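> my questions concern the predicted model and sequence given below.
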Amino acid sequence: MKVYLAGYKTIEKVWNKSTEDIYLLSSFWEHKSGKYGDYVKQEKHILDSGAYSALAGTTGKEVDWNLYVKKYIKFIINTKQKLFFEMDIDPLVGLPKVLEYREQIEEETGIKSIPVWHKSRGKQNWLNLVKKYNYVAIGGIVTKEIKKKEYPLLRWFLDEAKKENCKVHGLGFTSVPMLKKLKFYSVDSTTWNVGGRFGKVCIFEDNKYSKQWKPDNKRVKNIKTLNLYNFQTWVKFQKYAETNL
């Protein structure tokens, strides 16, 4: 299983090693200023539309989605992206408009996007997707549209995709215990960044798993150092997962 690490831009300036051998996911929203590192052009990279980030603190009405899609397309072409997700903004513009955007993106880039299935689209939509595309994604995990108690139900979706030789990406899905049970082709996570958010240390031991630990009643003095350590830890987990999960 490929575990893509998201949020790399937050440590880009202090990471002094190559990323070519690291699976990274970045968001178009992160690069909207026009500044981005060479890592977005590497082979082991997936580009997210950034729609979720664009919506943070807004109702979606403040965003000109037609213009956003045009800029997204331009970025895909300029950086020669091979793997990128569609604009899954169904609740805001409706599925017909999402399909229109998908068609526009694929037509202008000449590359198939990775459709992002949501619960509201229903099972039949999933069956249609896995027959038409060779790589699809399941969304709604981060937003808790899909709740933890529903995770076991995802096995049906993975099984149906497997019948069609279709790869499945779990957006924001890195529940290590569940990854052993649900055989996604790829997933992504920002869990490595728990140092900056919660002062926690990520631990990879026995060459088997990753977990978090927080020293009792202690503050982290150097967040940058902790973030670098945690990122390195998840790179180790990433390499383990590619071979063993």
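Structure's in. What do you need? From a predicted model like this one, the values you see are computed outputs, not experimental measurements.
> tell me the confidence at residue 194?
We have a pLDDT of 84 for residue 194.
> could you point out which element follows the one helix or strand it maps to?
Using DSSP states H and E, residue 194 falls within helix 194-198. Remark: after helix 194-198, the chain's next helix or strand is strand 201-205, criterion DSSP H and E.
> okay, buried residues for that following strand please.
Within strand 201-205, the residues scored as buried using 16 or more other Cβ atoms under 10 Å are 201-202, 204. (Each C-beta comes from the backbone N, C-alpha and C, glycine too.)
> would you turn those residues into JSON lines with distance to residue 50?
JSON lines is the format used below for the buried residues of strand 201-205 (distance: Cβ to Cβ, whole Å):
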{"residue": "201", "distance to residue 50": "29"}
{"residue": "202", "distance to residue 50": "25"}
{"residue": "204", "distance to residue 50": "29"}
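> can you map out the strands along the chain?
2-6, 24-27, 45-48, 116-117, 135-138, 167-170, 186-189, 201-205, 209-213 (DSSP state E).
> which strands border the first one, and is each parallel or antiparallel?
Here strand 2-6 is paired, per DSSP bridges, with strand 24-27 (parallel), strand 186-189 (parallel).
> compare those and give me the one nearest residue 134.
Closest approach to residue 134 among the strands paired with strand 2-6 is made by strand 186-189 (12.8 Å; Cβ to Cβ).
> run the chain-centre distance for that closest one.
Centroid separation for strand 186-189 versus its chain: 5 Å, with Cα atoms, centre = their mean, to the nearest Å.
> just put the strands of the chain in JSON lines and tack on distance to residue 18.
Converted to JSON lines, these look like this (distance: least, Cβ to Cβ, whole Å):
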{"stretch": "strand 2-6", "distance to residue 18": "14"}
{"stretch": "strand 24-27", "distance to residue 18": "12"}
{"stretch": "strand 45-48", "distance to residue 18": "13"}
{"stretch": "strand 116-117", "distance to residue 18": "30"}
{"stretch": "strand 135-138", "distance to residue 18": "26"}
{"stretch": "strand 167-170", "distance to residue 18": "24"}
{"stretch": "strand 186-189", "distance to residue 18": "20"}
{"stretch": "strand 201-205", "distance to residue 18": "20"}
{"stretch": "strand 209-213", "distance to residue 18": "22"}
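> got CSV for these, with mean pLDDT and distance to residue 72 too?
Shown next, in CSV, are the strands of the chain (pLDDT from 0 to 100; distance: least, Cβ to Cβ, whole Å):
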stretch, mean pLDDT, distance to residue 72
strand 2-6, 97, 17
strand 24-27, 97, 11
strand 45-48, 98, 9
strand 116-117, 98, 14
strand 135-138, 98, 16
strand 167-170, 98, 18
strand 186-189, 96, 18
strand 201-205, 86, 32
strand 209-213, 71, 32
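> tally of neighbours for the nearest residue to residue 29 once chain neighbours are set aside?
Using Cβ to Cβ, 6 or more residues apart in numbering and skipping the chain neighbours, the partner closest in space to residue 29 is residue 50 (2.9 Å). Neighbour count for residue 50, taken as other Cβ atoms under 10 Å: 20.
> fine by me, thanks again.
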